[in-house]
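**Q** Okay, structure incoming, though there's no sequence with it:
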């Protein structure tokens, strides 16, 4: 085996230019496939991050009417949809896919939240419990959370995020300031922020609108205060934090099933639904992958061409080394030994092309990323498979030349010397 490898490398080195040109088809094919796969992986990662952010794994389960979330700012609370009890929340938390869960109310605000002469526009007011912040992957960066006493005794306190501090309070120190929410005054006791920061790539108006909703600001009041400023007996929504990103779909759907089992609305179009961002990401990823798979098949054609080139050059090599083969057979070399020698040379030739192709593909992917702004993610399993596949190509296309060499008549072979 080692002797065959030594002879293979010696033969390749002796004919360096010819060997390189033979490998060129393999190099181009592998490079194209690695570049395409890396672009697909990068695009899929970007799609996933643009929709679900950087790993908070949270899913909102809201009350829908048909295909749209119910806006209780303009409609009455639906009959047959009770408030969510602690027992229901406990059942949700016990789901295998769920790490934590919390109920909340919300309103989108276009007017009605003021600090002095500044108003909040486009953000959200949320009535929450203390455990909402951990579930939503929020942390207190300044001040504190609600106390049990404040929630129990309907204290009018609130927390805000950085967007509200910048937009409404004009970056003043918010702690202790009075925020007017409708006709009620709330004391700001803290500022919250996401534990992980993520800036999505915005390529369209739709991306901007989705991202801008989260940048307009959020004000959090105790859920016990919700009836004071808004409405009694209003049905809540639920936020769950899945144990992993892959659990998000199941966590959202199972939570919606539990909530729907506890309601009996007179309008059958009203039900709880999860906002399944992971499923949307997977659908977009499948569309992206199916489109690019066509490019992979096209690139694979060059591997076929490269394999034919290997077979051709190995046939030439057999012709050039006829006398060598005849001498080996004359001194007792078996067909299998000679066939193994030429198969090894073909496999080494294509494997070297595969390695160079992987390196070229990684470089090509980086160039594509810099020129087009398309993200890339190098797939090392794909690189390993590409090198192994190139070796297989060498073996498959080296069979015919190797078989021809092994079956040469030693007398005829020696006569050519």
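**A** It's in. This is a predicted model, so every value here is computed, not measured.
**Q** Residue 137 reaches residue 100, doesn't it?
**A** No. Counting by Cβ atoms under 8 Å, residue 137 does not reach residue 100; the two are 9.9 Å apart. C-betas here are computed from N, CA, C, even on glycine.
**Q** what's the overlap in contacts for the two?
**A** Common neighbours of residue 137 and residue 100, using Cβ atoms under 8 Å, 6 or more residues apart in numbering, are residue 241.
**Q** got the contact list for stretch 72-89?
**A** The contact list for stretch 72-89, computed with Cβ under 8 Å, 6+ apart, reads 63, 65, 70, 101-103, 107-108, 231, 233-236, 238, 258-259, 262-267, 270.
**Q** Which of those fall in helices?
**A** Among these, the ones falling in helices (DSSP state H) are 258, 259.
**Q** Any of the contacts of stretch 72-89 buried? List them.
**A** Buried members of those, counted by 16 or more other Cβ atoms under 10 Å: 63, 70, 101-103, 107, 234-236, 238, 258-259, 263, 265, 270.
**Q** still on that earlier bit, looking at the contacts of stretch 72-89, which are in strands?
**A** Mapping these onto strands (DSSP state E) picks out 63, 65, 101, 102, 103, 107, 108, 238, 270.
**Q** okay if I get those as a markdown table plus distance to residue 358?
**A** Shown next, in a markdown table, are the ones in strands among the contacts of stretch 72-89 (distance: Cβ to Cβ, whole Å):
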| residue | distance to residue 358 |
| --- | --- |
| 63 | 52 |
| 65 | 53 |
| 101 | 45 |
| 102 | 48 |
| 103 | 51 |
| 107 | 54 |
| 108 | 50 |
| 238 | 47 |
| 270 | 55 |
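**Q** Looking at those, spot the one nearest residue 344.
**A** Residue 344 lies nearest to residue 101 out of the ones in strands among the contacts of stretch 72-89, by Cβ to Cβ, at 61.0 Å.
**Q** List the residues that contact that closest one.
**A** Taking Cβ under 8 Å, 6+ apart, we find residue 101 in contact with 89, 92, 93, 135, 238, 239, 240, 241, 255.
**Q** try residue 135
**A** Residue 135 makes contacts with 58, 100, 101, 102, 239, 240, 241, as judged by Cβ under 8 Å, 6+ apart.
**Q** at 6 Å what do you get?
**A** The neighbours of residue 135, taking Cβ atoms under 6 Å, 6 or more residues apart in numbering as the test, are 100, 102, 239, 241.
**Q** Pull out the buried members of the residues you listed.
**A** The neighbour-count test (16+ other Cβ under 10 Å) marks 100, 102, 239, 241 as buried among the contacts of residue 135.
**Q** I figured the second one was touching residue 134, is that so?
**A** No. In this structure, residue 102 is not within contact of residue 134 by Cβ atoms under 6 Å, at 8.2 Å.
**Q** The stretch 201-350 of the chain: strands as residue ranges?
**A** Remark: strands assigned in the stretch 201-350 of the chain by DSSP state E, counting those that start in this stretch are 218-222, 237-242, 270-274.
**Q** need the ones you listed in JSON lines with distance to residue 42 and mean pLDDT, can you?
**A** What follows is the strands of the stretch 201-350 of the chain, written out as JSON lines (distance: least, Cβ to Cβ, whole Å; pLDDT from 0 to 100):
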{"stretch": "strand 218-222", "distance to residue 42": "31", "mean pLDDT": "95"}
{"stretch": "strand 237-242", "distance to residue 42": "24", "mean pLDDT": "93"}
{"stretch": "strand 270-274", "distance to residue 42": "28", "mean pLDDT": "90"}
